[in-house]
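K.L.:
sequence and predicted model, in that order:
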Amino acid sequence: MKEKRVRTRYAPSPTGSMHIGNLRSALYEYLIAKSQGGDFILRIEDTDQSRLVEGAIEKIYDTLKLAGIQHDEGPDVGGDYGPYVQSQRKDLYLPYALELVEKKQAYYCFCDKERLEELRKSQGHEGVKYDRHCLSLSDEEIKANLEAKVPFVIRQKMPQEGSVTYEDAVFGTITVPCSELEDQILIKSDGFPTYNFANVIDDHLMKITHVVRGSEYVSSTPKYILLYEAFGWDVPVFVHLPLITKEGGRKMSKREGDASFMDLVEKGYLPEAIVNYVALLGWSPRDNREIFSLQELAEAFDISGISKSPSVFDMEKLNWMNREYIRKLDMDSFHAKALPWYEKAGLYETNIDLSKVSKLLIERVEYFEQIPEMVDFLIKMPEDYDLNMFAHKKMKTTVENSVGFLEESLKALEPIEDWNVQTIEQALMDTVQRLGVKNGQILWPVRTAISGKQSTPGGAFEIADLLGKEETLSRMRISLIRLKNL
Ligand code: GLU
């Protein structure tokens, strides 16, 4: 028998930004399809009209585009199985629900809000389970209600005994007793299908072979399987993805302000690095490799590498990975990406040679938002930095001996005419020689005196070069005055 062409879909509800979990679903769906030469489809699930957020669809398009996760079919690119927006498919669901009513697998329910509310109260905290009141209506009663235009929903009729078992591609055999399954609503009183119904109809009509989604759907899947079976349709492969937690085990959540893909991009993480990191959040390759382009992921991805246990979103690891990607940028692209951050930092208002700054930063930056803080001292010397910084055990400097070292350095730097890294280095290293001291005894006080910082991109020579002669000497003199006034 010919193997079916693999088709996966990303089916977001346009209710906000794409957070890391959403991005991972989209990515894995894409990779499962692409690793097997299949199609990746985008379907917008907007049946819950009350939760729609304006602009959310655009955010989904922008995110997918920036991440390089390109769909083969979708609302914007078309395809043979459209429309790809559920609200535009509204009319096609009812006939399927009626087919189930016909087959006695679903039934009309005319219970009003008040009755359901009563029921909820009487059931206390046990979870609201519909009591099948309308299942016993006679054909005549149903007909009369429909003629009288009594609002109705259509509910799925669940088996009362036994259990449903399925093989999840990640979690293995899952069994759910039928007693746990509620007669869920398939068509709402506004005529819209519920998510629980629409996802099955659409996945079938769009010939989806692998349904990939978060593990919160593991226990609903039996209801979907019963629907596929009631229609006599092929059941797709279910791939449930492990939870993503923060350190400490808490669930990531948009509401708690956890980063969306776009937030990270705005902070200066590279889309390729985020995608690479997210790919490893719940999937491991056969070897221990960590750096993958999207193309390489598509070649290496394999469902069997998806883990069952929750994955921890580790910011440190993402920072490490982003830095790896940044270091591999060529100088020109790094510089172009850094420019807006230099502007933000205020470096545009100085005469500092920005290309030199980029050369110092490319090896250090983890994400671009760090730049303003890394370079702030270039714009303005911190006036009240802690003078104890001059004391450094390893460098063999103290607050007291730094005065002399600084005075000697100042003397050596003052006569320089052609101010550049080499001449500065020459002058300071000559001083080291002349005084017979350790390099650090000159370089540490100088760097501290001109930066006011314990850690800087570049050392004393580079910083002095960036600042220029006048500014360097003036900072050294001011620091000396402060030290002497102690
Ligand atoms: N619209 C659902 C959501 O955003 C999709 C879940 C699924 O992939 O079926 O959670």
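P.N.:
Yes, it's here.
K.L.:
for stretch 372-386, give the mean pLDDT please.
P.N.:
Averaged over stretch 372-386, pLDDT sits at 93.
K.L.:
typo on my end, stretch 450-457
P.N.:
95.
K.L.:
residues in contact with it?
P.N.:
357, 360-361, 364, 374-375, 377, 381-383, 385, 389, 447-448, 460, 463-464, 467, 472, 475-476, 479 (CB atoms under 8 Å, 6 or more residues apart in numbering). No exception for glycine: its C-beta is placed from N, CA and C like everyone else's.
K.L.:
CA-only coordinates of that stretch in PDB, if you can.
P.N.:
Provided in PDB are the C-alpha atoms of stretch 450-457 (Å, rounded to 0.1, in the frame of the first residue of the first chain):
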ATOM      1  CA  ILE A 450      38.900  55.300  32.800                       C
ATOM      2  CA  SER A 451      35.900  53.000  33.000                       C
ATOM      3  CA  GLY A 452      34.800  53.000  36.600                       C
ATOM      4  CA  LYS A 453      33.800  49.400  36.000                       C
ATOM      5  CA  GLN A 454      35.000  46.000  37.000                       C
ATOM      6  CA  SER A 455      34.300  44.400  33.700                       C
ATOM      7  CA  THR A 456      34.400  46.100  30.300                       C
ATOM      8  CA  PRO A 457      34.400  45.000  26.700                       C
END
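K.L.:
can you give me how far that stretch is from the chain middle?
P.N.:
33 Å (CA atoms, centre = their mean, to the nearest Å).
K.L.:
one more: stretch 144-155?
P.N.:
45 Å.
K.L.:
can I get it as PDB, trimmed to CA atoms?
P.N.:
Taking C-alpha atoms only, stretch 144-155 is exported to PDB below (Å, rounded to 0.1, in the frame of the first residue of the first chain):
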ATOM      1  CA  ALA A 144     -41.600  20.400  18.400                       C
ATOM      2  CA  ASN A 145     -38.700  22.200  20.000                       C
ATOM      3  CA  LEU A 146     -37.000  22.600  16.600                       C
ATOM      4  CA  GLU A 147     -40.100  24.000  15.100                       C
ATOM      5  CA  ALA A 148     -40.600  26.400  18.000                       C
ATOM      6  CA  LYS A 149     -37.000  27.500  17.400                       C
ATOM      7  CA  VAL A 150     -35.900  26.600  20.900                       C
ATOM      8  CA  PRO A 151     -32.100  27.200  21.000                       C
ATOM      9  CA  PHE A 152     -30.200  24.000  21.000                       C
ATOM     10  CA  VAL A 153     -26.700  22.600  21.100                       C
ATOM     11  CA  ILE A 154     -25.700  19.200  19.700                       C
ATOM     12  CA  ARG A 155     -23.900  16.900  22.100                       C
END
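K.L.:
just the buried ones among the contacts of stretch 450-457, please.
P.N.:
357, 360-361, 364, 374-375, 377, 381, 385, 389, 447-448, 460, 463-464, 467, 472, 475-476, 479 (16 or more other CB atoms under 10 Å).
K.L.:
buried ones in the helix or strand of the chain with the lowest mean pLDDT?
P.N.:
Within the chain, confidence by mean pLDDT, DSSP states H and E is lowest for helix 113-123 among all helices and strands, at a mean of 87. When burial is assessed from 16+ other CB under 10 Å, helix 113-123 yields no buried residues.
K.L.:
give the next helix or strand downstream of it.
P.N.:
As assigned by DSSP states H and E, the chain's next helix or strand after helix 113-123 is helix 139-147.
K.L.:
next, the buried residues of that next one.
P.N.:
142, 145.
K.L.:
all helices for the stretch 201-350 of the chain, in order.
P.N.:
Assigned by DSSP state H, counting those that start in this stretch, the helices in the stretch 201-350 of the chain fall at 221-231, 261-266, 271-279, 294-300, 315-327, 331-345.
K.L.:
ranking the ones you listed by burial, who's on top?
P.N.:
Of all the helices of the stretch 201-350 of the chain, helix 271-279 carries the top mean neighbour count, a mean of 22, counting by mean count of other CB atoms under 10 Å.
K.L.:
out of the contacts of stretch 450-457, which are inside helices?
P.N.:
Under the assignment DSSP state H, those contribute 357, 360-361, 374-375, 377, 447-448, 460, 463-464, 467, 472, 475-476, 479 to helices.
K.L.:
got the residues of this structure near the ligand?
P.N.:
11, 12, 13, 45, 195, 199, 213 (CB under 6 Å from any ligand atom).
K.L.:
take those and keep only those in helices.
P.N.:
Counting by DSSP H, the residues of the chain next to the ligand contribute 195, 199 to helices.
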